[in-house]
Every structure is written in C-alpha cells, then in structure tokens.
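Novice: Sharing a model that was predicted from the sequence below.
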Amino acid sequence: MRTTIELTEEQRALLHAIAARRGWRGYSRVVQEAIDFYLKHHAEAESARRLLLDRKGAWSADEAERTRKALRELRASWPREREPDDAAASS
C-alpha cells in the first residue's frame with residue numbers, strides 16, 4: 001500500500017544511504033523494516049508491561065518487604081569499582 005509521510009531532508013538522505021549500502025534502489029524496504037521493528041518491539045513492551053501489572057499484588061506485604069531487605073543487603077555487598085585515583089594510590 002502506498003502512503004505519504006513527512007521526512008526531514010536528513011532522514012531522507014540517511015534512508016537513501018542505508019538502502020544504497022544494501023544495494024536497493026529506493027528506501028521503501030528500509031522504512032518497512034523500521035516499522036516492522038518498531039511494531040514488534042512496541043508489542044513486546046506492552047506485553048511485558050501487562051504481565052507486570054497482572055502480577056501486582058501477587059506478593060503479600062511481608063513477602064515484598066523481605067525481598068526489598070534482601071535486595072538492599074545484596075546490593076550493599078556488591079564490590080564497588082575503584083576510582084582511577086584509588087588504583088594509583090595503592091600501587
């Protein structure tokens with residue numbers, strides 16, 4: 001199906017460059033790929049969001065607090081990256 005979209009000159013030039021690198025005359029296939037990619041990932045993100053919302057309230061308040069506490073303790077025990085000055089000072 002044909003349609004009209006508004007592009008900036010820079011977008012048009014970049015689309016032509018991508019198409020040319022692939023050996024394609026026009027950039028319609030590049031636009032189709034971009035739309036397919038967007039729609040697929042948008043749908044996946046929506047699905048993940050819905051799954052998370054469906055899980056809301058699945059844990060009791062006590063379970064949630066225990067998990068928060070365990071995560072805080074775990075994060076506190078993670079090794080910290082040394083600053084470049086720290087590494088030079090210990091040499």
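Specialist: That came in fine, so what should we check first? Numbering: from 1, shown residues only.

Novice: Pull out the buried residues from stretch 19-39.
Specialist: Buried residues in stretch 19-39, counted by 16 or more other C-beta atoms under 10 Å: 19, 27, 30-31. Placement of C-beta: from N, CA and C, glycine included.

Novice: Please name the nearest non-neighbouring residue to residue 29.
Specialist: residue 19 (7.0 Å; C-beta to C-beta, 6 or more residues apart in numbering).

Novice: Outside of the host helix or strand of residue 14 itself, list whatever touches it.
Specialist: In this assignment (DSSP states H and E), residue 14 forms part of helix 9-21. Helix 9-21 has contacts (C-beta atoms under 8 Å, 6 or more residues apart in numbering) with 7, 25-27, 29-31.

Novice: Restricted to helices, list those residues.
Specialist: 29-31 (DSSP state H).

Novice: can you list these in CSV and add distance to residue 44 and pLDDT?
Specialist: Converted to CSV, the ones in helices among the contacts of helix 9-21 look like this (distance: C-beta to C-beta, whole Å; pLDDT from 0 to 100):
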residue, distance to residue 44, pLDDT
29, 22, 95
30, 21, 96
31, 21, 95
